[in-house]
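*Asks:* What would the 3D arrangement of this be:
(4 chains)
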Number of protein chains: 2
Amino acid sequence: MRIDDDRLSGSSGPGAARGATGRTRRIAPTSKDVARVAGVSQSTVSYVMSGKRPISERTRRLVLDAIEELTYEPHAGARALAGRRTNVIGLMVPFHTADAASGLMAFAEEIAVVARAHDHDVLMLTAAEGPSGLARVERRAMCDAVIAMEIATEDPRAELARELTMPVILIGVPARHEGLHCVDFDFESAAQLLVDELADAGCREVAVLGWAQERAALGINYIPRFRERAAARAAERGVRLRWVSTSHDRAGVETYLDAVLGAGEPPGLLALHSPHDLGAALQQRGLVPGRDLDLVSLCTDDDAEVQPVPPTAVSPQPRDVSRLAMTWLLELLDNGNDTPAELRLVEARLTRRGSVRRPG
Amino acid sequence: MRIDDDRLSGSSGPGAARGATGRTRRIAPTSKDVARVAGVSQSTVSYVMSGKRPISERTRRLVLDAIEELTYEPHAGARALAGRRTNVIGLMVPFHTADAASGLMAFAEEIAVVARAHDHDVLMLTAAEGPSGLARVERRAMCDAVIAMEIATEDPRAELARELTMPVILIGVPARHEGLHCVDFDFESAAQLLVDELADAGCREVAVLGWAQERAALGINYIPRFRERAAARAAERGVRLRWVSTSHDRAGVETYLDAVLGAGEPPGLLALHSPHDLGAALQQRGLVPGRDLDLVSLCTDDDAEVQPVPPTAVSPQPRDVSRLAMTWLLELLDNGNDTPAELRLVEARLTRRGSVRRPG
DNA sequence: GATCGTCGTCGATGCGCATCGACGCTGACG
DNA sequence: CGTCAGCGTCGATGCGCATCGACGACGATC
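*Replies:* Numbering: from 1, shown residues only, chains lettered A, B, ... in the order given. Purely as a prediction, here's the structure:
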């Protein structure tokens, strides 16, 4: 079926450019074209698409058929202009952290997929633009809402979020988050779960393979949050916690093991990173978690499963976080952004894989 | 300075919503507001911003001051509607490949940064949408051009790209790419460089640690491209090439080494993946590249540098590829998309790091 | 001093859609 | 058979900007 099919006494069809502007270009059909083909008015086409007024079944069919015939899709700019709604979600991504790249991709993908499922698109913003990037997309009316990832403890974007008219969801927990919509993984209960698991196994000493210093220095706030809760819980359970900050490569792991494995009973190990090198290093030393020592980890399930001895672990699920963020955001868009601001955390769950000796 | 400052006998300023639509909302200032404050007409404001007509210095200053005072930014939808230009680039990302996640992020970041530097934004599309995703953004006029990443040999998006009016740049080389704008890393000359390097060192046998089967099965076309050129070059140089496909984890690497390291002189090693585990495995066996055997790799410089013995390598630079793609795209947008379609490859360069024994 | 060209500015128009008020038409009910 | 209340559709309008034609002012030219 040709696109420039004309049913009524119309002007030139949408298939050709109006006027003599050089060669014939394909022009996208408009709702007026649809109306002409369906034999109704343009406003009726609009109401069929939005459902904001009752339309008879007969007319509906006529219009929908015309839409399909012309493969019509509404012009995003015109819709944004007239409807004050872009159907675009801004996503501010922290590129610099090559570290968490795979988690980041999973996060972004989930956002994109959920957005598309609700007929929205995703505009990719970089954290490098900072708060002015957020202000810009709002003033230009480029999106209806924004999700900003990896919010630091002191983050100017968090302050600006208060000024904006559009909904903003922050991934992370800034220092003063009253009046802000924040989502994050529950690192505090993760800390508690992991410490408890080792304490239950009878560990009195726990050596933590911590995040690298440079990462902590970025103000990534889940690190102190995890750390403080772990310390508090360890104190409650009568466990001595020892933090060992080192790099995460093989050499760093070796340093860590050298430092914590003296003579006598080895301490419980708590690994706060992808346990790849740790598993190999332990294997090389003939140490089997669950047999010779106790090991828990904070790592994704995927990472855990590929270990020589998959560790009992709590997995920060980027997909869960992004799904929660998107669900909330869509809710805010529907309700006109008057849902109370608060902090929503994704529940931490421990998966036991036998890297901890169970008493009894 | 209040935002609703009024210079002329105007109606209500832009600071408050018109009419009695409930509470007073902040409304973004329009070019008409700027015109009123500057004491000129709206069209003059437009011409100041676009520079498409000469404007006296005095008027320019008045307008620019008003723009700054109101923190005016043009409404993206209105601009797209009137100007037939969105200043948005679509980027279709292949999320599923968790494999190359870090390279993917680097690619996307570079796209975003270059786009912003030219006052463009980036709309993130998922490969899951397939060709219809491309058609959709064109018909809805959501972007001016698209970059589609990781194009397979037989890719429906490549076929659709021919039909589209807007410029499309494909990252990868589909089977029939006449009339398409394609960009990729030059895997063929990379193959040649790597084979030559080993041949020059006197290797008569080369064992290739290849890409995993499942990856090759996706139709990622650079694999056969690399493979064929490597085979051809090896034949020219009198080198016997032996492909060993295995997984890329530590176990797979061990299998590989077991398979290729018999008695006698070890073959040259060509590693087509992140050489992390390979370096550790060699180290454990007491084998030092550059002393006991010859090793070259196709891996990023970052990956190479963190090895126990950094290998001589060719690095596929995602940033170079994306920069080339963006440069070309902006050129296409300026020229009205009449630049001839062709295939542009990013030059492969070999970095010597002493993992190959140099004769003489 | 009249004419012409150029520069700088303005008013009007249209982009494609959503929305509002108006209105004709149908069926139910008195 | 007349009246009335929806239901379903239409025409008109405006969203904010880019662009076109028109035109006034000014200096140069004869």
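*Asks:* So for A:Glu254, what's the nearest residue that isn't a sequence neighbour?
*Replies:* A:Ala281 (5.9 Å; C-beta to C-beta, 6 or more residues apart in numbering or on different chains). In short, each C-beta sits where N, CA and C put it, glycine included.
*Asks:* And what about that neighbour, helix, strand or coil?
*Replies:* helix (DSSP: H, G, I helix; E, B strand; the rest coil).
*Asks:* How is chain A divided into domains?
*Replies:* Residue ranges for the domains of chain A, per automatic domain parsing: A:1-74, A:88-185+A:319-346, A:187-316.
*Asks:* chain center to stretch A:223-241: distance?
*Replies:* 27 Å (C-alpha atoms, centre = their mean, to the nearest Å).
*Asks:* What parts of chain A come near DNA strand C?
*Replies:* Applying C-beta under 7 Å from any atom of the strand, one finds that chain A approaches DNA strand C through A:18, A:27-28, A:30-32, A:42-43, A:46-47, A:49-50, A:52, A:72, A:74-75, A:78-79, A:81-83.
*Asks:* Out of the residues you listed, list just those in strands.
*Replies:* Using DSSP state E, no member of the residues of chain A next to DNA strand C sits in strands.
*Asks:* Please list which of the residues you listed also come close to DNA strand D.
*Replies:* Within the residues of chain A next to DNA strand C, those near DNA strand D by C-beta under 7 Å from any atom of the strand are A:Gln42, A:Ser43, A:Tyr47, A:Ala78, A:Leu81, A:Ala82.
*Asks:* Would you reformat these as a markdown table and include distance to A:Arg157, neighbour count and pLDDT?
*Replies:* Output for these, formatted as a markdown table (distance: C-beta to C-beta, whole Å; neighbours: other C-beta atoms under 10 Å in any protein chain shown; pLDDT from 0 to 100):
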| residue | distance to A:Arg157 | neighbour count | pLDDT |
| --- | --- | --- | --- |
| A:Gln42 | 41 | 14 | 95 |
| A:Ser43 | 41 | 11 | 94 |
| A:Tyr47 | 39 | 18 | 95 |
| A:Ala78 | 31 | 18 | 96 |
| A:Leu81 | 27 | 19 | 95 |
| A:Ala82 | 30 | 14 | 94 |
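*Asks:* re the thing from before, give me the buried entries from the residues of chain A next to DNA strand C.
*Replies:* Neighbour-count burial (16 or more other C-beta atoms under 10 Å in any protein chain shown) applied to these gives A:27-28, A:30-31, A:46-47, A:49, A:72, A:74-75, A:78-79, A:81.
*Asks:* how about those in TSV, adding distance to chain B?
*Replies:* Below are these laid out as TSV (distance: C-beta to the nearest C-beta, whole Å):
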residue	distance to chain B
A:Ile27	9
A:Ala28	5
A:Thr30	11
A:Ser31	12
A:Ser46	15
A:Tyr47	19
A:Met49	13
A:Tyr72	8
A:Pro74	7
A:His75	5
A:Ala78	5
A:Arg79	7
A:Leu81	4
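*Asks:* Those: which two are farthest apart?
*Replies:* A:Ile27 and A:Tyr47 (24.1 Å; C-beta to C-beta).
*Asks:* I'd guessed A:Val168 sits against A:His181; true?
*Replies:* Yes - between A:Val168 and A:His181 there is a contact at 6.5 Å, judged by C-beta atoms under 8 Å.
*Asks:* So which of the two has more stuff around it?
*Replies:* A:Val168 (27 against 23; other C-beta atoms under 10 Å in any protein chain shown).
*Asks:* Show the model's pLDDT score for the more buried one.
*Replies:* As predicted, A:Val168 sits at a pLDDT of 96.
*Asks:* Please report the distance of A:Gly238 from A:Pro359.
*Replies:* 15 Å (C-beta to C-beta, to the nearest Å).
*Asks:* same thing with A:Val195?
*Replies:* 16 Å.
*Asks:* what about the two, which has more around it?
*Replies:* Higher neighbour count among A:Val195 and A:Pro359: A:Val195, with 27 against 7, using other C-beta under 10 Å.
*Asks:* any idea which element the more buried one lies in?
*Replies:* Per DSSP states H and E: A:Val195 is located in helix A:187-200.
*Asks:* Same question for A:Val63.
*Replies:* Using DSSP H and E, A:Val63 falls in helix A:57-70.
*Asks:* Any regions of chain A where pLDDT drops low?
*Replies:* Of all residues in chain A, those with pLDDT under 70 make up the ranges A:1-26, A:97-102, A:211-219, A:247-250, A:263, A:274-275, A:337, A:360.
*Asks:* Show me where it has its strands.
*Replies:* Using DSSP E, strands in chain A cover A:88-93, A:121-126, A:145-148, A:168-171, A:181-185, A:205-209, A:240-244, A:268-271, A:295-298, A:312-314, A:343-346, A:350-351.
*Asks:* still on that earlier bit, what about the helix holding A:Val63, near chain B?
*Replies:* No - using C-beta under 8 Å from any C-beta of the partner chain, helix A:57-70 stays clear of chain B, with a minimum separation of 9.8 Å.
*Asks:* Could you tell me which residues make contact with A:Lys32?
*Replies:* A:Gln42 (C-beta atoms under 8 Å, 6 or more residues apart in numbering or on different chains).
*Asks:* Could you pull up the contacting residues of A:Pro174?
*Replies:* A:Ile151, A:Ala152, A:Thr153, A:Glu154, A:Asp155, A:Ala158, A:Leu180, A:Cys182, A:Asn221.
*Asks:* Nearest residue to it in space, ignoring adjacent ones along the chain?
*Replies:* A:Ala158 (3.8 Å).
*Asks:* Count the residues that sit near that neighbour.
*Replies:* Quick note: A:Ala158 (other C-beta under 10 Å) scores 23 neighbours.
*Asks:* Then A:Leu333?
*Replies:* With other C-beta under 10 Å as criterion, A:Leu333 counts 18.
*Asks:* these two touch, right, it and A:Ala145?
*Replies:* Yes - if you go by C-beta under 8 Å, A:Leu333 and A:Ala145 touch, sitting 5.9 Å apart.
*Asks:* shared neighbours of these two, which are they?
*Replies:* Common neighbours of A:Leu333 and A:Ala145, counting by C-beta under 8 Å, 6+ apart, are A:Pro167.
*Asks:* so who does the residue nearest to A:Arg225 when sequence neighbours are not counted touch?
*Replies:* By the measure of C-beta to C-beta, 6+ apart, the closest residue to A:Arg225 outside its immediate chain neighbours is A:Phe187, 5.1 Å from it. Each residue near A:Phe187 by C-beta under 8 Å, 6+ apart is listed here: A:Tyr222, A:Arg225, A:Phe226, A:Arg229, A:Pro316, A:Ala348.
*Asks:* ok, A:Leu164 to A:Ile147 distance?
*Replies:* Applying C-beta to C-beta, the value for A:Leu164 to A:Ile147 is 13 Å.
*Asks:* With A:Leu298 as the reference, measure out to the residue nearest to A:Arg225.
*Replies:* 8 Å.
*Asks:* shared neighbours of these two, which are they?
*Replies:* In contact with both A:Phe187 and A:Leu298: A:Phe226, A:Pro316, using C-beta under 8 Å, 6+ apart.
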